[in-house]
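Asks: sequence plus the predicted model coming up.
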Amino acid sequence: MSAPAQAPATRRRSRSRTWIGWSFILPNFLGFAALTLIPVIASLALSFLDWDSYSTPRWVGLDNFERMIHNDNFWTALRNTAYYAVGHVPLTLAAALGFAVLLNQKLKGVRFFRTALFFPYITSLVAVAVVWNMLLSPDLGPVNQFLRAIGIDNPPGWTTSTTWAMPAVIVASVWRDLGYYMILYLAGLQTIPAELYEAAEVDGATGWQRFRYITLPGLRPTTFFVLIMLTISSFKVFDLIQVMTEGGPGRATLVLSQVIYREGIVQGRFGYSSAVSMVLFVIVLTITIVQFRLQKRNET
């Protein structure tokens, strides 16, 4: 067949492959566009408007952002969100890594313990919050009863204390999330060649040295992914705090996602709510970009 005759057939095959590729991509892209891309663009537009969902939207420019800067609730929520993230991210990462290394050993009943640690992640978050509220009840909770039994006469008030409410939420969140990230670390551990550990053991390396110079470097891609996911989930935390403390006592556990919910859904101030959500989006995006650049620098 001559070259001119081959060209149309080649183009048809190329178009066919292109349409096949789009047929796989399109369903996911449509879901992304409808549930993520369009809402983000709409939220950006709403942040410059004054709208309560009933009246006609009114352009206010940067007024919503100016009001936000001078709103004490916003700064309190921002500090609390950072506090939660600083506590939740490293504790969950360390606990998940520790249990993954432990349960990667050939232990009796290891499958049971893996399942038991993962189970809280697939449990209803409302149920998790209710159970932890019962455990941490100041008067009748088993945690404070145990503390009194060992001689602590005035145990913390936990979710009723402005000092201990956020640590209580962080502990409950770590307990719920560590199983999922443990599974990710377990998957990462399977990719590290066993020959490296055997060679290190022959050379006389201790357990800590094998962990430091083989396990940690081998888990670097997994750790990077876990860090990104934990950071994003920490900054957008809402449901656990909403059920456990509702942002209280006072404003001790008020976070940005609750401000967005209260201002938009409860108060009907969708413009101001969208402005806060844009700030949260920019914060998370900035942290994620910084993490990607640090990871790329480490690789080079």
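Replies: Perfect, I can see it now.

Asks: could I get the full set of helices for the stretch 1-150 of the chain?
Replies: Taking DSSP state H, counting those that start in this stretch as the test, the helices found in the stretch 1-150 of the chain are 3-32, 38-46, 63-69, 72-103, 110-122, 125-135, 142-149.

Asks: residue boundaries of the strands in the stretch 101-250 of the chain?
Replies: Here the stretch 101-250 of the chain has no strands by DSSP state E, counting those that start in this stretch.

Asks: rewinding a little: and the helices of the stretch 1-150 of the chain, which one's lowest on average pLDDT?
Replies: Mean pLDDT is lowest for helix 3-32 out of the helices of the stretch 1-150 of the chain, coming in at a mean of 77.

Asks: from the chain's centroid, how far away is that one?
Replies: 37 Å (Cα atoms, centre = their mean, to the nearest Å).

Asks: check the gap between residue 73 and residue 48 for me.
Replies: 21 Å (Cβ to Cβ, to the nearest Å). Using the backbone N, CA and C atoms, a C-beta is placed for each residue, glycine as well.

Asks: sorry, wrong one. I was asking about residue 244.
Replies: Taking Cβ to Cβ, one finds residue 244 at 34 Å from residue 48.

Asks: neighbour count: these two, which is higher?
Replies: residue 244 (25 against 18; other Cβ atoms under 10 Å).

Asks: what's near enough to touch that one?
Replies: 129, 132-133, 159, 168-169, 172, 253 (Cβ atoms under 8 Å, 6 or more residues apart in numbering).

Asks: how confident was the prediction at the residue positioned nearest the centre of the chain?
Replies: In the chain, the residue lying closest to the centroid (Cα atoms, centre = their mean) is residue 233, at 1.8 Å. With respect to pLDDT, residue 233 has a value of 94.

Asks: I'd assumed residue 177 was in contact with it.
Replies: Yes. In this structure, residue 233 is within contact of residue 177 by Cβ atoms under 8 Å, at 7.4 Å.

Asks: on that earlier part again, return the closest of the contacts of residue 244 with respect to residue 104.
Replies: residue 172 (25.9 Å; Cβ to Cβ).

Asks: relative to residue 135, how far out is that closest one?
Replies: For residue 172 relative to residue 135 (Cβ to Cβ), the value is 9 Å.

Asks: for residue 258, same thing?
Replies: 23 Å.

Asks: so which of the two has more stuff around it?
Replies: Per other Cβ under 10 Å, whichever of residue 258 and residue 135 has more neighbours is residue 258, with 23 against 15.

Asks: residue 124 versus the more buried one, what's the distance?
Replies: Residue 258 is 20 Å from residue 124, by Cβ to Cβ.

Asks: so where does the closest residue to residue 65 other than its chain neighbours fall, helix or strand?
Replies: Spatial nearest neighbour of residue 65, chain neighbours left out: residue 275 (5.3 Å); criterion: Cβ to Cβ, 6 or more residues apart in numbering. For residue 275, the host element (DSSP states H and E) is helix 270-299.

Asks: I'd like to know which elements that helix is packed against.
Replies: helix 38-46, strand 49-50, helix 63-69, helix 220-235, helix 256-261 (3 or more Cβ pairs under 8 Å, 6 or more residues apart in numbering; DSSP states H and E).

Asks: out of the ones you listed, flag the one nearest residue 17.
Replies: helix 38-46 (29.1 Å).

Asks: who are the neighbours in contact with the closest residue to residue 225 other than its chain neighbours?
Replies: Using Cβ to Cβ, 6+ apart and skipping residues adjacent in sequence, the residue nearest residue 225 is residue 184, 6.9 Å away. Contacts for residue 184 (Cβ under 8 Å, 6+ apart) come out as 96, 222, 225-226.

Asks: could you tell me the end-to-end distance of stretch 32-47?
Replies: This stretch, stretch 32-47, spans 21 Å end to end (Cα to Cα, to the nearest Å).

Asks: now do it: everything it contacts.
Replies: 57, 64-65, 270-271, 273-275, 277-278, 281.

Asks: redo that, cut-off 7 Å
Replies: 64, 270-271, 274-275, 277-278 (Cβ atoms under 7 Å, 6 or more residues apart in numbering).
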